[in-house]
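here are the coordinates; sequence isn't available:
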């Protein structure tokens, strides 16, 4: 069946096509007198014919698409979905829809997705993760997009002076130090780290405080207690088995995110070890399931939903005032003590 057009609606309502366009887009602004009865006939004709305005054509006419793009780094980590939930909540509350793309922890794919999204008719773009810092191509795309006036907001754990994108900033440095201090105060001296990242520069806001906290109390850094692995839960599981099989295994483990902490919890159980009686465990991100594990996971939280909402607020403010100074909003993280840490048993 042929898709109905504005001309079809105009014939059914007995008006001109221009009148149909004014009614749909609300562009008359009082300059074109359209009676309530005429508006009602147009909307009735639209309903009867099943007419749907073409979003692309409408965006061209109005100069906006009411769409915000979002690039998230990993579809498998619930933490990033919580960020996306906040973005979607705030976008919907302001009459915008979300166009989402995942880079799947692949910098090359992230570059391609970035270039594709900025080439579309989106009103703003939100970037999650730090792939922009790892890719010269992505940085160039970012700079060009900012120069042509596209509002771009980063949700990040670092801020740079190289370009002027607005930023919602939250990092784990202070909280990671507090987590290490908590374990050290409990009496732990052999503390392992599951460092599961897609590339070596990620999660430094956990690695650096881990090392500095040990050094601050005179505990030598044992590189064998730092297990580098990939970011998946399976890779975290294998890393935890490797760490817990050591003859002088750690009495506590810090995993750089809750997904990897869950892998540690499973590995410990498979080896007949109890958390926290035999090994204490701390994660990061406070994903929803963290409070429902056995034991409930001690972790750190950034309030991922709030980060997403703040990012959209910055993007919409930039749309309203393109010349405003660069904005950086900091959202503090916090340590949440639950049931997965205790003094060492020996």
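Received the coordinates, thanks. All values reported here derive from a predicted model rather than from experimental measurement.

Low-confidence stretches in the stretch 51-200 of the chain?
Applying pLDDT under 70 to the stretch 51-200 of the chain flags residues 52-64, 104-107, 109, 130-135, 161-163, 200.

the strands in it, which residues?
Ranges of strands in the stretch 51-200 of the chain, per DSSP state E, counting those that start in this stretch, are 67-72, 97-102, 124-128, 152-156, 166-169, 191-196.

so can I have CSV of these showing distance to residue 37 and mean neighbour count?
C-betas here are computed from N, CA, C, even on glycine. Output for these, formatted as CSV (distance: least, CB to CB, whole Å; neighbours: other CB atoms under 10 Å):
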stretch, distance to residue 37, mean neighbour count
strand 67-72, 34, 24
strand 97-102, 32, 16
strand 124-128, 39, 26
strand 152-156, 45, 26
strand 166-169, 46, 23
strand 191-196, 65, 25
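
With distance to residue 319 added, can I get those strands in JSON lines?
Formatted as JSON lines, the strands of the stretch 51-200 of the chain follow (distance: least, CB to CB, whole Å):
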{"stretch": "strand 67-72", "distance to residue 319": "10"}
{"stretch": "strand 97-102", "distance to residue 319": "15"}
{"stretch": "strand 124-128", "distance to residue 319": "6"}
{"stretch": "strand 152-156", "distance to residue 319": "11"}
{"stretch": "strand 166-169", "distance to residue 319": "11"}
{"stretch": "strand 191-196", "distance to residue 319": "37"}
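
what's the closest of those strands to residue 239?
Closest approach to residue 239 among the strands of the stretch 51-200 of the chain (CB to CB): strand 191-196, 5.2 Å.

Contacts for the helix or strand following the closest one next, please.
Per DSSP states H and E, strand 191-196 leads on to helix 204-216 as the next helix or strand towards the C-terminus. When contacts are defined by CB atoms under 8 Å, 6 or more residues apart in numbering, helix 204-216 is touched by residues 157-158, 171-174, 176-177, 180-181, 184, 191, 193, 195, 220-221, 226, 254, 256, 284.

Going through these, which ones are buried?
Among the contacts of helix 204-216, those classed as buried by neighbour count (16 or more other CB atoms under 10 Å) are 157, 171-172, 176-177, 180, 184, 191, 193, 195, 226, 254, 256, 284.

So which of these is the closest to residue 203?
residue 256 (4.5 Å).

hang on, isn't that closest one packed against residue 285?
No - taking contacts as CB atoms under 8 Å, residue 256 lies outside contact range of residue 285: 9.1 Å.

circling back: mind listing which of the contacts of helix 204-216 are in helices?
173-174, 176-177, 180-181, 184 (DSSP state H).

Rebuild those residues as CSV, extending it with distance to residue 280.
CSV is the format used below for these (distance: CB to CB, whole Å):
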residue, distance to residue 280
173, 21
174, 20
176, 15
177, 17
180, 12
181, 13
184, 11
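
Show me the two of the residues you listed that sit farthest apart.
Longest span within these, CB to CB: 173 and 184, 16.7 Å.

can you list the domains in the chain?
Under the assignment automatic domain parsing, the domains of the chain span 6-53, 64-170+304-332, 173-301.

Could you dump those into JSON lines and include distance to residue 341?
Output for the domains of the chain, formatted as JSON lines (distance: least, CB to CB, whole Å):
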{"stretch": "domain 6-53", "distance to residue 341": "56"}
{"stretch": "domain 64-170+304-332", "distance to residue 341": "20"}
{"stretch": "domain 173-301", "distance to residue 341": "4"}
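
out of those domains, which comes closest to residue 338?
Among the domains of the chain, the nearest to residue 338 by CB to CB is domain 173-301 (3.9 Å).

ok so, going back, so which of the domains of the chain gets nearest residue 344?
Using CB to CB, the nearest of the domains of the chain to residue 344 is domain 173-301, at 3.9 Å.

Now find how far off-centre that closest one is within its chain.
For domain 173-301, the distance from its own C-alpha centre to the chain's C-alpha centre is 22 Å (CA atoms, centre = their mean, to the nearest Å).

Touching, residue 195 and residue 229? I think so.
Yes - between residue 195 and residue 229 there is a contact under CB under 8 Å: 7.1 Å.

Find residues that contact each of these two.
Common neighbours of residue 195 and residue 229 (criterion: CB under 8 Å, 6+ apart): none identified.

what about residue 178, distance to residue 209?
9 Å (CB to CB, to the nearest Å).

When the two are compared, which one has more neighbours?
Per other CB atoms under 10 Å, whichever of residue 178 and residue 209 has more neighbours is residue 209, with 23 against 17.

Quick check: the more buried one vs residue 95, distance?
Taking CB to CB, one finds residue 209 at 41 Å from residue 95.

And residue 326, by the same measure?
26 Å.

now swap in residue 50 and tell me
For residue 50, the distance to residue 95 equals 23 Å [CB to CB].
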